[in-house]
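# this one's sequence-less:
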């Protein structure tokens with residue numbers, strides 16, 4: 001009898017050991033599966049980070065090109081006018097015997113200035129996208145609480161957003177900037193919206209940004225700044241913003 005009991009006990013112990021082994025095998029399989037999922041997540045995050053840096057780099061290059069164009073156009077307008085007035089002053093002071101030549105030069109300069117003013121007046125009648133942006137920025141400038149980002153400040157802000165370790169950190173960064181009184185230009189709002197598809201907390205960020213954009217930005221303005229990723233979600237963005 002005792003031998004039978006001991007045999008049954010051994011069988012029971014073997015069953016328990018077998019069950020425990022099965023449980024351990026299942027746990028190992030789950031751990032391997034989790035490792036694979038984590039690896040996929042890390043690859044996805046790395047891909048998003050690379051995309052973000054590409055967007056910021058593209059934005060910086062666009063800003064540099066825009067600033068170069070503006071500086072060239074300004075110099076083209078100012079140099080002829082200043083040089084002609086300096087030439088007239090020098091000729092008048094150097095020699096009274098050259099009065100006739102100076103008068104001719106003055107007449108030519110006046111004609112040149114009149115022609116320039118005519119061209120400028122004609123150009124001012126042509127509507128342009130830049131005029132719209134300037135009007136919006138002028139309205140923002142007239143507000144009592146105004147702090148518009150310059151390009152370097154905005155780039156630093158975007159950099160901190162990208163490097164933030166989590167969504168809560170990103171949200172705190174935006175809240176702190178809005179509390180300081182910073183307001184975003186139309187171009188900067190467009191760039192922020194382009195980044196949102198890569199952030200999980202986009203709805204809360206949009207609500208915070210909305211406090212700084214007010215009613216002066218319309219849908220058509222923003223459409224010109226949205227890239228393909230944001231374009232796909234534009235209706236959702238507009239529902240939150242307007």
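Cool, got the structure. Predicted model, so just to flag it, every value in this text is computed and none were measured.
# domains for this protein, by residue range?
Here the domain parsing of the chain from automatic domain parsing is 2-89, 129-241.
# If you average pLDDT over each of those, which is lowest?
Note on these: domain 2-89 shows the lowest mean pLDDT, a mean of 62.
# Quickly note the distance from residue 55 to residue 165.
Using CB to CB, to the nearest Å, residue 55 is found at 19 Å from residue 165. In this view, the C-beta of every residue, glycine as well, is placed from N, C-alpha and C.
# between these two, who's got more neighbours?
For residue 55 versus residue 165, the count of surrounding residues by other CB atoms under 10 Å is larger for residue 55: 18 against 7.
# Is that one within a helix or a strand, and which one?
Assigned by DSSP states H and E, residue 55 belongs to helix 2-94.
# Against residue 34, how distant is residue 41?
Distance of residue 41 to residue 34, given as CB to CB: 10 Å.
# brain fart, residue 28
Separation of residue 28 from residue 34 (CB to CB) stands at 11 Å.
# What of residue 199?
Taken as CB to CB, the span from residue 199 to residue 34 is 25 Å.
# One more: residue 21?
Noted for residue 21: a distance of 20 Å to residue 34, by CB to CB.
# cool, residue 44 as well?
From residue 44 to residue 34 the distance is 15 Å (CB to CB).
# got it, and residue 164?
25 Å.
# does residue 157 really touch residue 177, like I thought?
Yes. With contact defined as CB atoms under 8 Å, residue 157 and residue 177 form a contacting pair (6.4 Å).
# Neighbour count: the two, which is higher?
Higher neighbour count among residue 157 and residue 177: residue 177, with 21 against 17, using other CB under 10 Å.
# Could you verify that the more buried one is part of a helix?
Yes. Assessed with DSSP: H, G, I helix; E, B strand; the rest coil, residue 177 lies in a helix.
# what about residue 164 and residue 34, which has more around it?
residue 164 (16 against 10).
# I'd like to know how far the nearest residue to residue 164 once chain neighbours are set aside sits from residue 189.
Nearest residue to residue 164, sequence neighbours excluded (CB to CB, 6 or more residues apart in numbering): residue 170, at 4.4 Å. Note on residue 170: its distance to residue 189, by CB to CB, is 16 Å.
# related to what we said a few turns ago, count of neighbours near the residue nearest to residue 164?
22.
# Check residue 20 too.
Neighbour count for residue 20, taken as other CB under 10 Å: 10.
# swap in the one 3 residues further on?
Other residues near residue 23 number 10, with proximity taken as other CB under 10 Å.
# Count the neighbours of residue 26 for me.
Neighbour number of residue 26 under other CB under 10 Å is 10.
# for residue 188, same thing?
Residues lying near residue 188 (other CB under 10 Å) number 22.
# With adjacent residues omitted, what lies nearest to it?
residue 154 (5.5 Å).
# Now name the helix or strand holding the one you found.
Using DSSP H and E, residue 154 sits in helix 151-163.
# can you tell me how far residue 160 sits from residue 17?
In terms of CB to CB, residue 160 sits 56 Å off from residue 17.
# more crowded one of the two?
residue 160 (14 against 10).
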